[in-house]
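> can't give you the sequence, but here's the structure:
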């Protein structure tokens, strides 16, 4: 994919597979909802999660966003880079609100949704991924 296609692809998808490095060197892989913040992929997760423990020790991360069911429909983007952990409650709230809004598909979450985000802020950490490498593919282009 061209850079503009990568940006559009990431902007129109919501789920990301996130790989961090366990203490023994093995990968730890999870799927999360994400948003783009100033061009960087961002998500929030529980502060006590394994992925946060891994990122505290080693900030390297790889993220995969993909779609397609049939071979000639497959396309995706892999981002490899460094995770920055956001612990300030305003930053965590900002990421959490954006992720919740994205998960709702543009439906107004209202006061109840805002209250749920607020309830979770003290338990969560925001994560922003700065990509050093981007790889992409679009098998739809193989058909010419």
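Good, I have the coordinates. Just so it is clear, the structure is predicted and the values come from calculations on it, not from any experiment.

> what is the rounded mean pLDDT of stretch 132-144?
Stretch 132-144 shows an average pLDDT of 93 in the prediction.

> that stretch: how far from the chain's middle?
20 Å (C-alpha atoms, centre = their mean, to the nearest Å).

> and if you look at stretch 83-91?
Per C-alpha atoms, centre = their mean, the centroid offset for stretch 83-91 relative to its chain is 14 Å.

> quick one: buried residues of that stretch?
83, 84, 86, 91 (16 or more other C-beta atoms under 10 Å). (C-beta placed from N, C-alpha, C; glycine too.)

> for the first one, list each beta-bridge partner.
Translated: residue 83. residue 129 (DSSP bridges).

> you'd agree it is up against residue 131?
No - the criterion here is C-beta atoms under 8 Å, and residue 83 misses it with residue 131 at 10.6 Å.

> point to the residue nearest the middle of the protein.
Of all residues in the chain, the one closest to the mean position by C-alpha atoms, centre = their mean is residue 34, 3.8 Å from it.

> hmm, that residue is touching residue 100, no?
No - Residue 34 is not in contact with residue 100 according to C-beta under 8 Å; the separation is 12.0 Å.

> which residues do the two both contact?
In terms of C-beta atoms under 8 Å, 6 or more residues apart in numbering, residue 34 and residue 100 are not both contacted by any residue.

> can you pull out the strands in the chain?
Along the chain, counting by DSSP state E, strands occupy 15-21, 27-33, 35-37, 40-46, 60-67, 75-86, 124-138.
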